[in-house]
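> Sequence and computational prediction follow.
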Amino acid sequence: MLAGSGIKIFSGTSHPELAEIVARRIGLPVSKAEIGQRGVGGETTVRITESVRDDDVYIVNTGCGAVNTALMELCIMIHACKIASAKRITAVIPLFPYARQDKKDKSRAPITAKLVANMLQTSGCDHVITMDLHASQIQGFFDVPVDKCLYAEPSVILYIRTHFNLDDIVIVSPDAGGAKRATSVADRLGVDFALFHKERKKANEVSRMVLVGRVHSKDGKGKTAILIDDMADTCGTLIMAAAHLAEAGAHTVCAIVTHGVLSGNALPALMDSKLEKLIVTNTLPQAANQAACPKIDVINIGVVLGEVIRRSHYGESVSKLFHEVPY
């Protein structure tokens, strides 16, 4: 589609499969770069092996796995393209690294998301594309445009419409902080909504959850409860919420999240949980997780990223993508 139009798409090592999907969507191959490590110290080395002079460059790398390595790769690739005279450089970061460290929540704590923003801008980044930021205020850490406006919501709604009976579901937020996201989905589908109030002992450890709302019809018949969240890391919250929903009368419990980090003991815990299915997007690589856990299903958001790159290149509005999935 965009061949010969001065656009180049590069991929770091964190998620090359997604970069291939994005490139296919807009009709281009992934441009060539050599990425490796040097010596026993493991310094990241990058060489852009084709011209980027006066090109509109997009570099796809996500915050997963060895996140520090992925971040350094991204910064070095941006810098390499900058000094090779690229016209504009856009960092495509489906999962923004350190997004959960977005505020000073205790004495002498860093705001690491701000540091990451500074690193990207100092490297020479002109534009950032990301998806479902953990906290919207991260946009304010940048002095360059940030298209955090890429939401997984349209893809999630399409998945629910094609896989569930809308007369038999209730959308559930696992915490009060995600209520806005979940109510938006429920309103667009025209279905009921419930949420959990939760208390934490410490980070990633929930001590108590209280369900606000019901997960059955007026005649007492249990519904399918669909938990909606932005991220599943250890999955402790989702698993605890699923158990509570089953006790409250839901006949089936599923969860849909944008970023399936699935760290630590998450996969075996999911297998032993009341969750029938965990649906995640491919902002992170999921092939190994799917092989290890048959409960995991994946929504492809590569077409959305590809379309926003096309629109960005031609100076078109991306707001249409807030509400519908491109074909």
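Nice, I can see it. Numbers count the residues shown, from 1 in each chain.
> Setting aside sequence neighbours, what's the nearest residue to Gly178?
Counting by C-beta to C-beta, 6 or more residues apart in numbering, the nearest residue to Gly178 once its immediate chain neighbours are dropped is Asp229, at 5.5 Å. All C-beta spots, glycine's among them, are computed from the backbone N, C-alpha and C.
> which is the next helix or strand following the helix or strand where Met209 lies?
Taking DSSP states H and E as the criterion, Met209 maps to strand 205-212. On the C-terminal side of strand 205-212, the nearest following helix or strand under DSSP H and E is strand 224-232.
> Partner strands of that next one and their direction?
strand 169-173 (parallel), strand 252-260 (parallel) (DSSP bridges).
> and Ala194, which of those is closest to it?
strand 169-173 (4.8 Å; C-beta to C-beta).
> As a check, name the ranges of all strands in this protein.
7-11, 33-38, 43-48, 56-60, 88-93, 127-131, 146-150, 169-173, 192-202, 205-212, 224-232, 252-260, 277-281, 296-299 (DSSP state E).
> got the contact list for stretch 16-23?
Where contact means C-beta atoms under 8 Å, 6 or more residues apart in numbering, the residues beyond stretch 16-23 that reach it are 9-11, 29-30, 60, 62, 92, 94, 282-283, 285, 287, 300, 302-303, 305-306, 309.
> hmm, try it at 6 Å
The contact list for stretch 16-23 (C-beta atoms under 6 Å, 6 or more residues apart in numbering) reads 9, 11, 30, 60, 282, 302, 305-306.
> which one of these is nearest Leu133?
Looking across those and measuring by C-beta to C-beta, the closest to Leu133 is Leu305, at 14.7 Å.
> Check what pLDDT the closest one gets.
What the model reports as pLDDT for Leu305 is 92.
> before we move on, what about the one 4 residues further on?
As summarised for this prediction, Ile309 has a pLDDT of 92.
> give the contact list for the residue lying closest to it once chain neighbours are set aside.
The shortest distance from Ile309 to any non-neighbouring residue, by C-beta to C-beta, 6+ apart, is to Tyr58 (5.5 Å). Listed by C-beta under 6 Å, 6+ apart, the contact set of Tyr58 reads 9, 90, 92, 309.
> follow-up on the earlier one: now tabulate the strands paired with strand 224-232 in CSV and tack on distance to Lys221.
What follows is those, written out as CSV (distance: least, C-beta to C-beta, whole Å):
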stretch, distance to Lys221
strand 169-173, 12
strand 252-260, 12
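> can you tell which of the ones you listed is closest to Ser107?
That would be strand 252-260 among the strands paired with strand 224-232, by C-beta to C-beta, at 29.0 Å.
> sorry, back to before: test my guess that the residue nearest to Gly178 contacts Ser173.
No: proximity of Asp229 to Ser173 does not meet the contact threshold set by C-beta atoms under 6 Å, at 7.5 Å.
> Counting neighbours, which of the contacts of stretch 16-23 comes out on top?
Val60 (29 neighbours; other C-beta atoms under 10 Å).
> Just confirm that one contacts Val92, I think it does.
Yes: the criterion here is C-beta under 6 Å, and Val60 meets it with Val92 at 4.5 Å.
> how many neighbours does Asp132 have?
Asp132 - counted by other C-beta under 10 Å - has 24 other residues nearby.
> wait, what's in contact with it?
Counted by C-beta under 6 Å, 6+ apart, Asp132 has contacts 152, 230, 258.
> Can you give me the neighbour number for the second one?
Pointing back at Asp230 there. 19.
> any idea how far Thr49 is from it?
36 Å (C-beta to C-beta, to the nearest Å).
> Please parse the chain into its domains.
7-151+302-322, 153-299 (automatic domain parsing).
> Return the residues in contact with Arg88.
Counting by C-beta under 6 Å, 6+ apart, Arg88 has contacts 56, 126.
> try it again with 10 Å
6-7, 54-58, 81, 125-127, 312-313 (C-beta atoms under 10 Å, 6 or more residues apart in numbering).
> Those into a markdown table, with extra columns for distance to Arg100?
Below are these laid out as a markdown table (distance: C-beta to C-beta, whole Å):
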| residue | distance to Arg100 |
| --- | --- |
| Gly6 | 36 |
| Ile7 | 32 |
| Asp54 | 38 |
| Asp55 | 34 |
| Asp56 | 31 |
| Val57 | 28 |
| Tyr58 | 25 |
| Cys81 | 28 |
| Cys125 | 21 |
| Asp126 | 26 |
| His127 | 23 |
| Ser312 | 26 |
| His313 | 31 |
